[in-house]
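Chemist: Need coordinates for the below:
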Amino acid sequence: MLNIENLWAHPERRKQGLGTQLIQGLLQKGYEDGAKMAYLTVNQSNEDAQRLYARLGFEVKYSYRYLVPGSEAD
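Modeler: As a prediction, this is how the structure comes out:
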């Protein structure tokens, strides 16, 4: 299983295809190394990343939220 986590792009480097290249490279390497599936997490507010991941074939399977002591839950 390939888990992709914690990817960021500097705002000046976005919309240049770098994220697509990076993720495709990670997917290829993972599959070459025996991964049968891949997954990642993305914040619901990060619409740009969600569009990128959808273009690369990822789809939402479930959602969750973090709860922190002393914070109000939505």
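
Chemist: For the rest of this, base every contact and every neighbour count on C-alpha atoms.
Modeler: Will do.

Chemist: Tell me where this structure has strands.
Modeler: Assignment of strands within the chain using DSSP state E yields the ranges 2-4, 38-40.

Chemist: which regions of the protein sit below the pLDDT cut-off?
Modeler: Residue ranges of the chain with pLDDT under 70: 71-74.

Chemist: Have a look at it and report its longest helix.
Modeler: The longest helix of the chain (DSSP state H) is helix 18-32.

Chemist: any idea how far the residue lying closest to Tyr39 once chain neighbours are set aside is from Met37?
Modeler: Distances taken as Cα to Cα, 6 or more residues apart in numbering place Asn3 nearest to Tyr39, at 5.2 Å, with adjacent residues excluded. Distance from Asn3 to Met37, counting by Cα to Cα, to the nearest Å: 9 Å.

Chemist: How about Asp48?
Modeler: As judged by Cα to Cα, Asp48 and Met37 stand 23 Å apart.

Chemist: now swap in Gln44 and tell me
Modeler: As defined by Cα to Cα, Gln44 lies at a distance of 22 Å from Met37.

Chemist: same check, this time on Ala9
Modeler: Here the criterion is Cα to Cα. By it, Ala9 lies 24 Å from Met37.

Chemist: In contact with the residue positioned nearest the centre of the chain, which residues are there?
Modeler: Nearest to the mean C-alpha position of the chain, by Cα atoms, centre = their mean, lies Leu40 at 4.4 Å. Leu40 makes contact with 3-5 under the criterion Cα atoms under 8 Å, 6 or more residues apart in numbering.

Chemist: now do 10 Å
Modeler: 2-7, 53, 58-60 (Cα atoms under 10 Å, 6 or more residues apart in numbering).

Chemist: Going by neighbour count, which of the residues you listed are buried?
Modeler: Buried by 16 or more other Cα atoms under 10 Å: 2, 53, out of those.

Chemist: Many thanks, I have nothing further to ask.
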